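Engineer: sharing a sequence plus its predicted fold:
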Amino acid sequence: MPRLLLLLFALAVPATALAQSAAQAPSPAQAFPYPQDGAPAQVQPADAPQVVMYATSWCPYCAKARAYFKRTGTTYTEHDIEKSADAHAEFKRLGGRGVPLILVGDEKMAGFSELAFESLLARAARAR
């Protein structure tokens, strides 16, 4: 009998601790800052700098940029440099050597990283 009580106690303590930590943990919606329904996480102000991306369909960094823009609700215009001669010519005129080439207002960046894009967006907003 004492062994049975000891066994029940040993099983009850971790279960109680687990229940307490679950009650304190944020729900998945709180832990993930973006909406779960696919709606934009933020609405860009009307005076936000224009975002333009020169890209290709197969580029993994272009795909990361698209996913980031979708997740954050960033409005942008995309030009596929392989499907449009005009887009390719403009890409070259801008000094593009690799994709994506992203323009934010008068600022530009080659490649994509969230941190670099957010910095670029902040600089472009201050310049307005």
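Structural biologist: Right, received. Where do you want to start? Residues are numbered from 1 along each chain as shown.

Engineer: domains in this protein, by residue range?
Structural biologist: For the chain, automatic domain parsing gives the domain ranges 2-31, 51-127.

Engineer: ok, then the element right after the lowest-mean-pLDDT helix or strand in the chain?
Structural biologist: Least confident helix or strand, the chain: helix 28-31 with a mean of 36, by mean pLDDT, DSSP states H and E. The helix or strand immediately downstream of helix 28-31 is strand 51-55, counting by DSSP states H and E.

Engineer: average pLDDT for that following strand?
Structural biologist: For strand 51-55, mean pLDDT is 98.

Engineer: in its sheet, what does it sit against?
Structural biologist: Strand pairing for strand 51-55, using DSSP bridges, gives strand 77-80 (parallel), strand 101-104 (antiparallel).

Engineer: Throw the ones you listed into JSON lines and include distance to K70 and mean pLDDT, thanks.
Structural biologist: (Glycine included, C-beta is placed from N, CA and C.) Shown next, in JSON lines, are the strands paired with strand 51-55 (distance: least, C-beta to C-beta, whole Å; pLDDT from 0 to 100):
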{"stretch": "strand 77-80", "distance to K70": "12", "mean pLDDT": "98"}
{"stretch": "strand 101-104", "distance to K70": "15", "mean pLDDT": "97"}
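
Engineer: pick the most buried one from these.
Structural biologist: Of all the strands paired with strand 51-55, strand 101-104 has the most neighbours on average by mean count of other C-beta atoms under 10 Å, namely a mean of 24.

Engineer: helix or strand right after it?
Structural biologist: Following strand 101-104 in sequence, per DSSP H and E, is strand 107-110.

Engineer: quick check: buried residues in the helix or strand just after that following strand?
Structural biologist: Using DSSP H and E, the helix or strand that follows strand 107-110 towards the C-terminus is helix 114-127. By neighbour count on 16 or more other C-beta atoms under 10 Å, the buried set for helix 114-127 is F117, L120, L121, A124.

Engineer: also stretch 88-100?
Structural biologist: Buried residues in stretch 88-100, counted by 16+ other C-beta under 10 Å: H88, E90, F91, G96, V99, P100.
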